[in-house]
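1. Structure of the sequence below:
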Amino acid sequence: MVSFDRRKFLQAAGAGTALIPFGRAAFAAAAGGGNKRLVVVLLRGAVDGLNVVVPHGETAYYDARPTIAVPRPGRDGGALDLDGHFGLHPALAALMPQWRDGTLAFVPASGSPDETRSHFDAQDYMESGTPGQKSTADGWMNRLLTELPVKRTSTSALSFGPTLPRIFAGPVDVATVPLGRAAANPIPLDRPVINAAFDQLYTGEDTLARAYREGLESHKKVMKDLQADMMAADNGAPSPITFGQDTAHLAQLIKQDPSINLAFFALGGWDTHVNQGASDGQLASRLQPLAEGLAGLATGLGKDYQDTVVLVMSEFGRTVHENGNRGTDHGHGNVMWVMGGGINGGKIHGRWPGLDAASLYEKRDLAVTTDFRSVIAAVLAGHMKLAPAQIARVLPAAPSADPGLMRT
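-> Alright, predicted model coming up:
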């Protein structure tokens, strides 16, 4: 009889699964706090925040971008006015109801204090929550899992995508869900013969056996909810936009499983060096499905929207001046989006440094006046109800929480 390592066999057989089914045993955390949820959307590639939340009140913006500036409100393809100085890219029109009802806010001139323009390093710092420190082993959302004031289960955190991202790296296991319609596809462990073989292997009470049984239970639970959601969607025309499908899946999962506390999405395609476009074009074609997916999440959550906050962020911004290819290059300051219940929305937060030459970072970029960690800290304090000591463990050496972002 050939001997083998059970752990290696389990990992090999589970490769490419629709949900990594290996969670740790649930435990009861300290009492207190409601079942609040946080959804993080990372726009990989550095979205151009100046064309997301447009400073249409500044002449310098239009001087720096002769072909890619979004026109002023009221003009053809113009920005959607927010407060007289800033406007929203017209492709984000689906989010205007959230702005008007006070559940959407923006923090321009936000970002990392680290000056790198490397996508890899900047994303790493944003996901680890420790800018400038490459030695951090885990991600801040994994650390957050250990601080939540509610019972933790194997489905407390969901990561949408084929691999576990840096932000969820760490000792606490996280369930991964594939994107799009593949989310409800069966995995090898769903086959009766394979399932029976694994059940026979893991009948004991050792750590690996308990992890297998708990993970399999969470997998079956999520798959059941996802398949029910797919069947309902098939009664009408399916959405052509993958992100919209994924946020619909998340809303359905939250309705079916109130123990879900954290979720993460990463969306690519924001590195617009060439032919970025203004009101239309490359950037607009990505912003529209993003906005529709977020608006669909808010609608799909129903009453659960009030217990949910969505953070949208990107590793850094783009240059103020357009380049010779009618695009933008790697910059510094960007804009963070905060949406959901408890948000002091319908407002622009943070300190705007301006776009005049004397105010630019290294004479080329929007300066960072709000550390991205202070925005996260405000959500952790005001929404997730974490104490200062807990926030310090999630975001070591972070600045204080951004005041006024959350309703008191």
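
2. CA only for contacts and neighbour counts going forward, please
-> OK.

3. any idea how far Gln282 is from Glu362?
-> Noted for Gln282: a distance of 27 Å to Glu362, by Cα to Cα, to the nearest Å.

4. Ok, Asp280 next?
-> From Asp280 to Glu362 the distance is 30 Å (Cα to Cα).

5. ok, those two, which is more surrounded?
-> Per other Cα atoms under 10 Å, whichever of Asp280 and Glu362 has more neighbours is Asp280, with 15 against 12.

6. Flag the shaky bits of the stretch 101-250 of the chain, pLDDT-wise.
-> By pLDDT under 70, the low-scoring segments of the stretch 101-250 of the chain are 181-204, 206-241.

7. which residue ranges form the strands in it?
-> 104-111, 157-160, 175-177 (DSSP state E, counting those that start in this stretch).

8. Torsion angles phi and psi at Leu80?
-> phi -90, psi 110 (degrees, to the nearest 10).

9. Arg75 now?
-> Per degrees, to the nearest 10, the backbone of Arg75 is at phi -100, psi 170.

10. confidence score at it?
-> The score at Arg75 is 98. That number is its pLDDT.

11. can you count the residues close to it?
-> Neighbours around Arg75, by other Cα under 10 Å: 9.

12. now swap in Ala377 and tell me
-> Residues near Ala377, counting by other Cα under 10 Å: 24.

13. Could you find the closest non-adjacent residue to it?
-> Leaving aside its sequence neighbours, Ala377 sits nearest to Ala401 (Cα to Cα, 6 or more residues apart in numbering; 4.9 Å).

14. you'd agree the one you found is up against Phe372?
-> No. Contact criterion Cα atoms under 8 Å: Ala401 and Phe372 do not qualify, at 9.8 Å.

15. one step back: against Thr370, how distant is the residue nearest to Ala377?
-> Taken as Cα to Cα, the span from Ala401 to Thr370 is 10 Å.

16. Show me which of these two is the more surrounded one.
-> Thr370 (26 against 23).

17. quick one, phi psi at the more buried one?
-> phi -130, psi 120.

18. what's the nearest residue to it if we skip its chain neighbours?
-> Ser110 (4.5 Å).

19. just Lys347 next, same as before
-> Nearest to Lys347 is Ala105, by Cα to Cα, 6+ apart, at 5.4 Å.

20. what's the answer for Leu355, then?
-> Per Cα to Cα, 6+ apart, closest to Leu355 is Ala60, 6.0 Å.

21. Can you read off the pLDDT for that neighbour?
-> At Ala60, pLDDT is 98.

22. What's the separation between it and Asn325?
-> 20 Å.

23. So between these two, which is more surrounded?
-> Using other Cα under 10 Å, the more surrounded residue of Ala60 and Asn325 is Ala60, with 16 against 12.

24. The more buried one is in contact with Ser359, isn't it?
-> No. Contact criterion Cα under 8 Å: Ala60 and Ser359 do not qualify, at 11.3 Å.

25. Report how many residues lie close to Phe383.
-> Slight slip there: residue 383 is His, not Phe. 24.

26. contacting residues around it?
-> 36, 309, 342, 406 (Cα atoms under 8 Å, 6 or more residues apart in numbering).
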